[in-house]
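Enquirer: Sequence plus the predicted model coming up.
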Amino acid sequence: MRWWGMPAKIWMSCFILLPFLWLALLSLQQTPAVNAPRQVDLHQYARALSPPFSNIIFNSVLTSLLAALLVLLIALPLTWRISRMPQRKRNLWLALFTIPLGLNFVVRVYAWFVLFRPEGLLTKMLLDLGFDVALVSSQLGVFIGLIYGYLPLVFLPLYSIFDKLNQSQIEAAQDLGANLLQRWWHIILPETRLGLMACFLFVFVPMLGEYLIPRMIGGGLVATLGTQIESQFLGSGRPNWPFGAALSLCLLAAAALVLLVGFSLLRWQKSERKASWSLDL
Amino acid sequence: MVTRPLKIEKLFFGTWSLLLLVALYLPVVFLVIFGFNSGSFALRWEGFSLRWYASTLENPEMISALFNSLLVASISTVLAVTLGFFYALWSHRHSQTKLTGATDALMTLPLFMPEIVISIGLLVVVAQVLRPGAELFGLQLDSMNAVILGHTTLALGYAALVLRNRFRSYDLQQELAAIDLGATRKQVFFQVMVPQLMPGFAAASCLAFAVSLDDFYVSYFLSTGGSSLQTLPLFIWSLQGRRAMTPEINVVSSLLLCIAMFFFAAGLLLSRSEPQGKHPKRSDS
């Protein structure tokens, strides 16, 4: 019984931790050639953190931050309403919004890509309304794609946060005359802020490394961190694995930075109560 | 507790949810409908026919992609659920020790790391460590094995999480009662533990299968070495990249949706349903 956990732990160490360490080592290599003398330096990082790559990293972080925030804002009112419903109605609504999560990601993105194309429904509709915007091969299209792609991911976690919320406090506040805004600002947000931040990171981190959406909707013309990393490994040009490794470590570093800043901001605004969050599957 | 919503709140909720539902479902519905298109362009409707279904189901490329997807998903599900099951058992029995927190974090890491980093990490380790290593022993690590390895890693994260949560509601009293009543170890295992853990087991298997079917990143990065491997999502990806898109892509997408949806829904239902009402708030003791 004591060793039963071992195989799984060894598996994860070999295929999650070891690859990570290997990437870190690889990123210190100066040249992509396999049998070149192994010189250790930070050359690849210097390249990654200077233009044009620093701009791409910065853009990706900014786009993902904004998209993740919008995803939360779009899903928030809805999940809040659902969590206030009678139990039976709740399950139905939750199911409706969770089903898209089971639709294949490639298929979902392709389905939107079709609407985005110049002859697609969405573009035509926008044209009829007087907006002449290119959604394929544009930053805007990729942005919308990111929001749409990651939206189904947040409904369940958000719901479980609101579900655990102490109802009596809100009612007490309401009885004492707090309006909607006051209730949110003084009770609901402070109570749920840790969970909300966790939800935010839960979509922000994968968005940052997204490759499929920028590649399909962006048509190879929108450069993001994800597409840059991919082209260093599988690109048709000259692959440069050490540089790709350095880029992906930059990705992790950016994610860690946002995580640290996010949670320290929360701690700074201190409150005694701890909100709990767990991923409900 | 239900608070009575205001009228304006109701109206807002109604329109908001309608908009979202349209955005989430309509594109996919269109996609499925266009699979029945009789024309030869994926984007122009010309009338109803089953022509593309007939031709796609006979397409050897599509059949091999489907076969690969199912094979990879089956093997990695068996591996992931077995590993995850023993891990969850261990972690349940040793939940007092401090270490379990760290190992739980390790096990669920694949859920929180960006998939692209997991994939290229695996790509690098497979190409630079495992493949040369296997060759030393005269073995061949082809892309199929590499993809199975990657999918198992992803699925293990989900399986471990689901099983671990399931074990929290495990009733140890029943086991103790059985021992008191003179049950042998074998009887306790088969007649007390297994029936209690079965729903979690089924849920974890379905989810692991769905994760593997759904995966794009790991297959995309690991399928290139040696002979390249085609899974269904990769096949859709490659069809999308071709210059002339036929309704074939819609047909393949619809098929994938049907298969994956089944396992996803089953996994979700099984992991959320509680055997006897809602179990009390988890107590980590």
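Expert: Perfect, I can see it now.

Enquirer: for residue B:78, what are its contacts?
Expert: For residue B:78, no residue meets the contact criterion (CB atoms under 8 Å, 6 or more residues apart in numbering or on different chains). Heads up, the C-betas are built off the backbone N, CA and C, glycines and all.

Enquirer: That one and chain A: what is the separation?
Expert: When distance is defined by CB to the nearest CB, to the nearest Å, residue B:78 is 13 Å away from chain A.

Enquirer: any idea whether that residue is helix, strand or coil?
Expert: helix (DSSP: H, G, I helix; E, B strand; the rest coil).

Enquirer: quick one: it from residue A:115, how far?
Expert: Using CB to CB, to the nearest Å, one gets 39 Å for the distance from residue B:78 to residue A:115.

Enquirer: Please apply the same query to residue B:52.
Expert: From residue B:52 over to residue A:115 (counting by CB to CB), the distance is 20 Å.

Enquirer: Just want to know which of these two has more residues nearby.
Expert: residue B:52 (24 against 17; other CB atoms under 10 Å in any protein chain shown).

Enquirer: Test for you: state the pLDDT assigned to the closest residue to the more buried one other than its chain neighbours.
Expert: Leaving aside its sequence neighbours, residue B:52 sits nearest to residue B:247 (CB to CB, 6 or more residues apart in numbering or on different chains; 4.3 Å). Note on residue B:247: pLDDT of 82.

Enquirer: Kindly report the same for residue A:169.
Expert: 78.

Enquirer: who's in contact with it?
Expert: A:187, A:191.

Enquirer: any idea what it is structurally, helix, strand or coil?
Expert: Under three-state DSSP, residue A:169 comes out as helix.

Enquirer: ok now the helix or strand of chain B with the lowest mean pLDDT, how far from the chain's centre?
Expert: Ranked by mean pLDDT, DSSP states H and E, the weakest helix or strand in chain B is helix B:99-112, scoring a mean of 79. In terms of CA atoms, centre = their mean, to the nearest Å, the centre of helix B:99-112 is found 18 Å from the chain centre.

Enquirer: ok, now stretch A:146-155?
Expert: Per CA atoms, centre = their mean, the centroid offset for stretch A:146-155 relative to its chain is 9 Å.

Enquirer: before we move on, what about stretch B:254-270?
Expert: When C-alpha coordinates are averaged (CA atoms, centre = their mean), stretch B:254-270 and its chain have centres 9 Å apart.

Enquirer: What's the per-residue pLDDT of whichever residue of the stretch 51-200 of chain A sits closest to chain B here?
Expert: Minimum separation of the stretch 51-200 of chain A from chain B (CB to the nearest CB) falls at residue A:102, amounting to 3.2 Å. For residue A:102, the model assigns a pLDDT of 83.

Enquirer: what number of residues lie near the residue nearest to it when sequence neighbours are not counted?
Expert: Residue nearest to residue A:102 in three dimensions, not counting chain neighbours: residue B:264, with 3.2 Å by CB to CB, 6+ apart. Residue B:264 has 23 neighbours, counted by other CB under 10 Å.

Enquirer: which element is residue B:264 on?
Expert: helix B:248-272 (DSSP states H and E).

Enquirer: Give the buried residues for that helix.
Expert: B:248-257, B:259-261, B:263-268, B:270-271 (16 or more other CB atoms under 10 Å in any protein chain shown).

Enquirer: what does stretch A:42-51 give?
Expert: For stretch A:42-51, by 16+ other CB under 10 Å, it's A:43, A:44, A:45, A:48.

Enquirer: can you give me the helices in the stretch 1-150 of chain B?
Expert: B:7-33, B:51-58, B:60-93, B:99-112, B:115-125, B:131-136, B:143-168 (DSSP state H, counting those that start in this stretch).

Enquirer: where does chain A dip in pLDDT?
Expert: A:1, A:32-39, A:268-281 (pLDDT under 70).

Enquirer: and after the longest helix anywhere in it, which helix or strand comes next?
Expert: The longest helix of chain A (DSSP state H) is helix A:53-83. Remark: after helix A:53-83, the chain's next helix or strand is helix A:87-102, criterion DSSP H and E.

Enquirer: so what does that next one touch, helix or strand wise?
Expert: helix A:53-83, helix A:139-164, helix B:7-33, helix B:248-272 (3 or more CB pairs under 8 Å, 6 or more residues apart in numbering or on different chains; DSSP states H and E).

Enquirer: Nearest to residue A:225, out of those helices?
Expert: helix A:53-83 (4.1 Å; CB to CB).

Enquirer: can you tell me if the closest one touches chain B.
Expert: Yes: Helix A:53-83 reaches chain B (CB under 8 Å from any CB of the partner chain) through A:74, A:77, A:78, A:81.

Enquirer: Can you give me the buried ones in the least confident helix or strand of chain B?
Expert: Those would be B:100, B:103, B:104, B:106, B:107, B:108, B:109, B:110, B:111, for helix B:99-112 by 16+ other CB under 10 Å.

Enquirer: Identify the residue spatially nearest to the last one, adjacent ones excluded.
Expert: Put plainly, it is residue B:111. residue B:157 is the one closest to residue B:111 (CB to CB, 6+ apart), at 4.9 Å.

Enquirer: The one you found: what's it in contact with?
Expert: Counted by CB under 8 Å, 6+ apart, residue B:157 has contacts B:107, B:108, B:109, B:110, B:111.

Enquirer: do residue A:96 as well
Expert: Residue A:96 touches residue B:21, counting by CB under 8 Å, 6+ apart.

Enquirer: Share the number of residues neighbouring the residue of the stretch 101-250 of chain B found nearest chain A, please.
Expert: Chain A sits closest to residue B:121 of the stretch 101-250 of chain B, with a gap of 2.8 Å, by CB to the nearest CB. By other CB under 10 Å, 27 other residues sit near residue B:121.

Enquirer: thinking again about what came up before, I figured the residue of the stretch 51-200 of chain A closest to chain B hits residue B:210, correct?
Expert: Yes: assessed by CB atoms under 8 Å, residue A:102 is found in contact with residue B:210 at 6.8 Å.

Enquirer: on that earlier part again, gap between the residue nearest to residue B:52 and residue B:46?
Expert: Taken as CB to CB, the span from residue B:247 to residue B:46 is 10 Å.

Enquirer: Look up which helix or strand residue B:229 falls in, please.
Expert: Per DSSP H and E: nothing holds residue B:229, as it lies in no helix or strand.

Enquirer: List the buried residues for stretch A:111-118?
Expert: Within stretch A:111-118, judged by 16+ other CB under 10 Å, the buried ones are A:111, A:112, A:113, A:114, A:115, A:116, A:117.

Enquirer: quick one: contacts of it?
Expert: A:120-123, A:134-136, A:141, A:144-145, A:148, A:216-217, B:27-28, B:30-31, B:42-43, B:240, B:253.

Enquirer: Narrow the residues you listed to those that are buried.
Expert: A:120, A:122-123, A:135-136, A:141, A:144-145, A:148, A:216-217, B:27-28, B:30-31, B:42, B:240, B:253.

Enquirer: give me the number of residues near the residue nearest to residue B:52?
Expert: What residue B:247 shows, counting by other CB under 10 Å, is a neighbour count of 26.

Enquirer: center of chain B, which residue is that?
Expert: In chain B, the centroid-proximal residue (CA atoms, centre = their mean) is residue B:211; its distance is 1.7 Å.

Enquirer: so it touches residue B:155, yeah?
Expert: Yes: counting by CB under 8 Å, residue B:211 does reach residue B:155; the two are 4.9 Å apart.

Enquirer: so who does residue B:260 touch?
Expert: A:102, A:103, A:104, B:210, B:213, B:214.

Enquirer: Just after the helix or strand hosting the fifth one, pick out the following helix or strand.
Expert: By that I understand residue B:213. Per DSSP H and E, residue B:213 falls inside helix B:194-214. As assigned by DSSP H and E, the chain's next helix or strand after helix B:194-214 is helix B:217-222.
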